[in-house]
Structure formats: C-alpha cells, structure tokens
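*Asks:* Would you be able to build a 3D model of this:
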Amino acid sequence: MNLNKFAFSSLILSLLLTSCSPDRQHPSDFDHETNTILWENVGSEFNPQSSQNDVDIKDVEKILVNVPSAADKVIVKYSTTLPANIAIVKIFTISKDSLTSSNFRRGRRSNTIEMSDPSQPCKLTVENGHIKDVKGYCYARIEIHLRENAPVEVYSGSKIITDHYYPVSLADLMKRLEDCHEDSEHLAQVADFSASYSETGVRIPLYTTEVVPILRKFQTVTPKFQVLRLVQIYIVDRDQLEKMIEEEFEYFDRAEARKIVGLGV
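*Replies:* I've put the predicted structure just below:
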C-alpha cells in the first residue's frame with residue numbers, strides 16, 4: 001500500500017487535540033522498549049507487513065496519529081540527513097485470523113497532517129520484544145522520522161510525544177475542555193495548555209474573566225487549586241484575584257487559593 005498516493009482530501013476526523021486523556025506524558029516518560037516488537041524475530045505466521053512513505057511537511061506544525069490499537073507504539077525519530085520539509089512514515093503491521101486489512105488514512109488540513117485507523121480490532125501480547133499472541137490486525141509500530149530540530153509536534157491520540165513548538169490558544173483549550181467530562185481529563189488539558197507556553201517561552205496574558213470559565217469546568221476543589229498553580233503566573237489583572245477567589249471558592253478553601261496566587265492569608 002502506497003500511502004503517499006492518497007489524495008490529501010478532506011477527512012471526517014476529530015481533531016485529536018480536542019480529545020481527552022487522563023494524563024499528559026512528556027516524551028521522556030514513554031518507555032517504548034517495553035512495547036517494541038523485535039521486527040526481525042516476527043514469524044511468517046503473523047503476516048508481517050511494512051511500508052514506508054515520504055510525506056511533504058512544508059508549513060506543517062502538527063502530525064496527529066489516531067490509531068488506538070497502537071497508541072503506545074507511535075515513535076518519533078530524528079535524523080540530521082532528512083530534508084527539512086520531508087517526513088518519513090514507516091508502518092509495521094501484523095495479523096492473524098483476521099479478515100480485515102489496513103484502513104490507514106492520511107490527510108492534510110491547513111497546517112496539520114492527520115493519520116487515522118480508528119476501528120482495527122487487535123489483541124496483541126508482547127514479551128521481551130517477542131510476540132506471544134495476536135488476534136486480529138495490529139499495528140506493531142508506527143515511526144515518524146523528522147529532520148533533527150524540526151518544529152513539528154507529534155501527537156499519539158491526545159498525548160503529545162514531542163516537545164511543544166507552538167502555544168495552545170485559549171480558544172483551543174476551551175474547546176478541548178468542552179469535549180472532556182472528568183476532572184482528571186480537564187486538568188490534563190490545562191496542564192498541556194500551560195506546558196505549551198513554558199516550553200515555547202511565550203507568555204500569554206490571561207484575565208480573571210478568562211480563568212473563571214476554566215475553573216467552572218471542575219467539580220472538586222483540589223484540581224481547581226492545581227489549575228491556579230498552572231495559570232496564575234499568566235494572570236495580568238491581579239487586582240481582580242481577590243474577587244475571583246471570593247466568587248469561585250468556598251469559604252474554607254479561599255485561604256489556600258489566596259496563598260497559591262500570592263495574596264497571602
């Protein structure tokens with residue numbers, strides 16, 4: 001299958017940046033080795049298949065990979081020899097007792113490339129790099145090869161697996177929060193929002209009127225405290241902090257909120 005021959009048509013895909021996840025992991029937090037299959041040891045009974053395609057990434061800022069069965073098997077590798085505007089996508093699949101095949105799709109929307117195969121049934125057991133059991137059609141590994149220092153963010157599902165190169169806008173954050181349900185999911189999105197500014201060195205001016213809708217997404221006070229810790233350094237109308245705390249926190253929680261934002265008790 002030559003993925004490069006797919007037209008960059010309009011795909012009906014959910015923008016992965018708006019999806020929810022209970023946590024955010026920095027690339028260094030992923031232990032890919034525990035999930036990586038030693039490809040040279042894959043037997044023919046597992047029908048190993050691989051493909052490699054060049055992708056034009058001129059003006060691309062994000063690559064979004066939505067393959068749930070391979071959420072922890074998306075790997076970014078960097079090279080000093082790749083052209084700056086080219087990414088290489090390598091896909092490794094295995095299958096057994098499966099009537100399906102790859103439905104991997106790729107499309108471009110503005111400055112974002114989206115890759116998706118959301119519906120593959122897969123049950124895969126790996127131990128020390130060796131396949132123990134396969135049922136269905138599985139992605140063993142998806143590699144994204146980029147030029148070293150390429151300012152392209154790569155997401156697997158809703159988790160960023162590279163550094164941030166572009167700050168998340170407040171509008172994007174609010175859209176992501178709308179798509180979440182649990183406090184842990186909401187907090188993960190706020191943490192990612194904050195990290196996008198700390199990692200890029202950009203400072204966003206936030207007003208208390210913009211922080212209030214974020215706080216109101218949370219059902220319990222502990223994550224609200226964590227939100228304050230994440231965003232308070234960006235709040236510019238600090239003369240309004242007391243009013244915000246009075247309105248958004250219960251009486252016995254206000255002292256801690258004041259302490260977090262530097263108002264004292």
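*Asks:* Next one, pLDDT for Lys159 please.
*Replies:* At Lys159 the predicted local distance difference test score is 84.
*Asks:* ditto for Pro27
*Replies:* Predicted confidence (pLDDT) for Pro27: 36.
*Asks:* Thr81 is in what secondary structure piece?
*Replies:* Taking DSSP states H and E as the criterion, no element holds Thr81; it sits outside all helices and strands.
*Asks:* Export only the CA atoms of stretch 177-190, formatted as PDB.
*Replies:* Taking C-alpha atoms only, stretch 177-190 is exported to PDB below (Å, rounded to 0.1, in the frame of the first residue of the first chain):
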ATOM      1  CA  LEU A 177     -12.400  21.200  27.900                       C
ATOM      2  CA  GLU A 178     -15.900  21.100  26.300                       C
ATOM      3  CA  ASP A 179     -15.100  17.600  25.000                       C
ATOM      4  CA  CYS A 180     -13.900  16.300  28.400                       C
ATOM      5  CA  HIS A 181     -16.000  15.000  31.200                       C
ATOM      6  CA  GLU A 182     -13.800  14.100  34.200                       C
ATOM      7  CA  ASP A 183     -11.800  16.500  36.400                       C
ATOM      8  CA  SER A 184      -8.700  14.400  35.600                       C
ATOM      9  CA  GLU A 185      -9.300  14.900  31.800                       C
ATOM     10  CA  HIS A 186      -9.900  18.700  32.300                       C
ATOM     11  CA  LEU A 187      -6.700  19.000  34.400                       C
ATOM     12  CA  ALA A 188      -4.700  17.200  31.700                       C
ATOM     13  CA  GLN A 189      -5.800  19.700  29.100                       C
ATOM     14  CA  VAL A 190      -5.000  22.700  31.300                       C
END
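*Asks:* buried set for that stretch?
*Replies:* Neighbour counts over stretch 177-190 (16 or more other CB atoms under 10 Å) mark Leu177, Cys180, Asp183, Glu185, His186, Leu187, Ala188, Gln189, Val190 as buried. Just so you know, the C-beta spots here come from the backbone N, C-alpha and C atoms, and that holds for glycine as well.
*Asks:* elements contacting the helix or strand of the chain with the lowest mean pLDDT?
*Replies:* Among the helices and strands of the chain, strand 122-127 carries the lowest confidence by mean pLDDT, DSSP states H and E, at a mean of 79. Based on contacts counted as 3 or more CB pairs under 8 Å, 6 or more residues apart in numbering; DSSP states H and E, the elements that strand 122-127 packs against are strand 130-147.
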